[in-house]
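Enquirer: 3D model of this:
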Amino acid sequence: MSARATCRKSWAFTLIEVTIAAGILFFCLFAILGLLGRTLRTARALQTTRVDAGVVAAYFSITNLPADGLERGDFDEIGDFGDRYKDLEWLRQSEEIGTNGLWLESYAVRRKSTGQIESSLMRLVYDPASQTGFGSRTR
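Expert: Next up is the predicted model:
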């Protein structure tokens with residue numbers, strides 16, 4: 001009978017072994033759940049529509065020369081964005097800041113429904129045709 005008891009004992013796990021295995025299992029499960037939560041937050045942040053004012057600045061750097069004043073428009077005017085930016089409008093403010101043809105252009109993207117600025121940027125543009133100094137032509 002003692003031979004049977006010895007065999008049974010070698011096949012079974014002790015309470016300490018089971019507790020350690022359960023601890024390792026729970027540690028791994030909580031680590032995976034933490035990663036899953038972080039991944040879902042990142043995916044949610046990527047789904048929100050955020051427009052960079054650089055889109056508008058890139059469009060005007062290719063198509064137009066600086067012009068004094070404020071311009072505004074919808075994104076349908078500068079590209080085929082579909083319904084993605086339907087509630088947004090762009091603003092462009094240009095002013096000559098010197099007599100050497102240097103212009104300061106400010107761009108902003110504003111939400112129409114709330115009036116909140118989503119993105120903005122400023123850039124300096126050199127236009128040699130607009131120099132108004134001595135001996136130069138005026139536009």
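Enquirer: can we go C-alpha only for contacts and neighbour counts from here?
Expert: Noted.
Enquirer: Check the secondary structure at A67 for me.
Expert: Look at A67: counting by DSSP: H, G, I helix; E, B strand; the rest coil, its state is coil.
Enquirer: Counting neighbours, what do you get for it?
Expert: Using other CA atoms under 10 Å, A67 has 15 neighbouring residues.
Enquirer: That one against L102, yeah?
Expert: No. The criterion here is CA atoms under 8 Å, and A67 misses it with L102 at 11.6 Å.
Enquirer: In the protein, where's the longest helix?
Expert: If you go by DSSP state H, the chain has its longest helix at helix 15-47.
Enquirer: after that helix, next one along is what?
Expert: Next in sequence after helix 15-47, counting helices and strands by DSSP states H and E, comes helix 54-63.
Enquirer: quick one: contacts of that next one?
Expert: I78, W90, Y107, L121 (CA atoms under 8 Å, 6 or more residues apart in numbering).
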